[in-house]
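Q: sequence unknown, structure follows:
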């Protein structure tokens, strides 16, 4: 049975796409069958995998969602899944920004993405959904589809503060749309254990949410090498396996699946 994990944050720049890209590669390297779905119109995860000019592709997440919205059959999985380094990917493009508008007048609009994922989920052990940093209908679709939510957060006040709105949205979704949704946990990224700010935000998260939501022991340290890996369309574990962030992502993946 597959596990569907949404990687979500209301705030941008917290390492969502980087976490999704690296986690997908690490899980695939461990022998799991992994699908990574880019649900963000900025297509950052698509770019991290080195998929160029996604707006020229015939089948991105936008095209699949529009087929469901217009009540047309989906193409065979082989026609829209792109394989990279052992990971299956459904890419995104800027066109996905038009889906929110079309969803407004769609019947059962919360379940359009779920219709796509339900058709193919049996092929995979893990499905990772990279959310856009907003709480619009696209994110509601992601939260209606997933089994659990992984929340990356940077050790900054505004990042931690933004968690509250996301958690309220998830609790509402759990009551009304997706009763099975759970919290995978909060992952601190770009962590610098030399600063009091990082230590204070970690303590604040523990005090505020630790009783009900797991705060992962593993923290992803800040490293310029992560950005370099993204620039070269590589995972950090391939680009520089002995880098502190690469080791942390490996430890995090182990903590996640254990």
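A: All right, it came through fine. The shown structure was predicted, so the numbers you read here are calculated from the model rather than taken from an experiment.
Q: The helix or strand where residue 152 lies pairs with which strands, parallel or anti?
A: For residue 152, the element it lies in under DSSP states H and E is strand 148-153. For strand 148-153, the paired strands and their directions (DSSP bridges) are strand 3-7 (parallel), strand 182-188 (parallel).
Q: Can you check which of those strands gets nearest to residue 122?
A: strand 3-7 (11.7 Å; CB to CB). Yep, even glycine has a C-beta here, placed from its N, CA and C like the rest.
Q: Follow the chain on from the strand holding residue 152 and name the next helix or strand.
A: Per DSSP H and E, the helix or strand that comes after strand 148-153 is helix 157-176.
Q: For residue 77, grab the count of nearby residues.
A: 14 (other CB atoms under 10 Å).
Q: per-residue confidence for the closest residue to it other than its chain neighbours?
A: Distances taken as CB to CB, 6 or more residues apart in numbering put residue 120 closest to residue 77, at 5.2 Å, once the chain neighbours are dropped. Residue 120 is assigned 97 on the pLDDT scale.
Q: just residue 165 next, same as before
A: 83.
Q: if you compare the strands paired with strand 148-153, which one is most tucked away?
A: Greatest average neighbour count among the strands paired with strand 148-153 goes to strand 3-7 (a mean of 23), per mean count of other CB atoms under 10 Å.
Q: what's the angle between it and helix 157-176?
A: Put simply, strand 3-7 runs at 140 degrees to helix 157-176, going by axes from the mean of the first three to the mean of the last three CA atoms, to 10 degrees.
Q: Need the residues that contact whichever helix or strand comes after strand 3-7.
A: Where DSSP H and E defines the elements, the next helix or strand beyond strand 3-7 is helix 16-29. The contact list for helix 16-29, computed with CB atoms under 8 Å, 6 or more residues apart in numbering, reads 7-9, 34, 36, 38, 40, 44-45, 48-49, 85-87, 125-126, 128, 130-131, 133, 150, 152, 187, 189, 220, 226, 230, 235-238, 249-250, 252-253, 256-257.
Q: do the same with stretch 85-95
A: Stretch 85-95 has contacts (CB under 8 Å, 6+ apart) with 24-25, 28-29, 33-43, 45-46, 49, 51, 54-55, 57, 60-64, 80-83, 123-124, 235, 238.
Q: so for the helix or strand where residue 197 lies, what's the average pLDDT?
A: Assignment of secondary structure by DSSP H and E places residue 197 within helix 196-209. Per-residue pLDDT over helix 196-209 has a mean of 90.
Q: That helix - contacts with which helices or strands?
A: Other helices and strands packing on helix 196-209, by 3 or more CB pairs under 8 Å, 6 or more residues apart in numbering; DSSP states H and E, are helix 157-176, strand 182-188.
Q: Now do it and strand 148-153, the angle between them.
A: Using the same axes, to 10 degrees: helix 196-209 against strand 148-153 is 150 degrees.
Q: what does helix 196-209 contact?
A: With CB under 8 Å, 6+ apart as the criterion, helix 196-209 contacts 153, 155-157, 159-160, 163, 167, 186, 188, 191-193, 215, 219.
Q: Just the buried ones from those?
A: 153, 155, 156, 159, 160, 163, 167, 186, 188, 191, 215, 219 (16 or more other CB atoms under 10 Å).
Q: Looking at the residues you listed, spot the one nearest residue 97.
A: Using CB to CB, the buried ones among the contacts of helix 196-209 come closest to residue 97 at residue 159, 23.7 Å.
Q: what's the span of stretch 148-161 from first residue to last?
A: Separation of the first and last residues of stretch 148-161 by CA to CA, to the nearest Å is 21 Å.
Q: buried stuff in stretch 235-248?
A: In stretch 235-248, counting by 16+ other CB under 10 Å, buried: 235, 236, 237, 239, 240, 243, 245, 246, 247, 248.
Q: right, I mislabeled it, should have said stretch 63-76
A: 63, 64, 65, 66, 67, 68, 69, 74.
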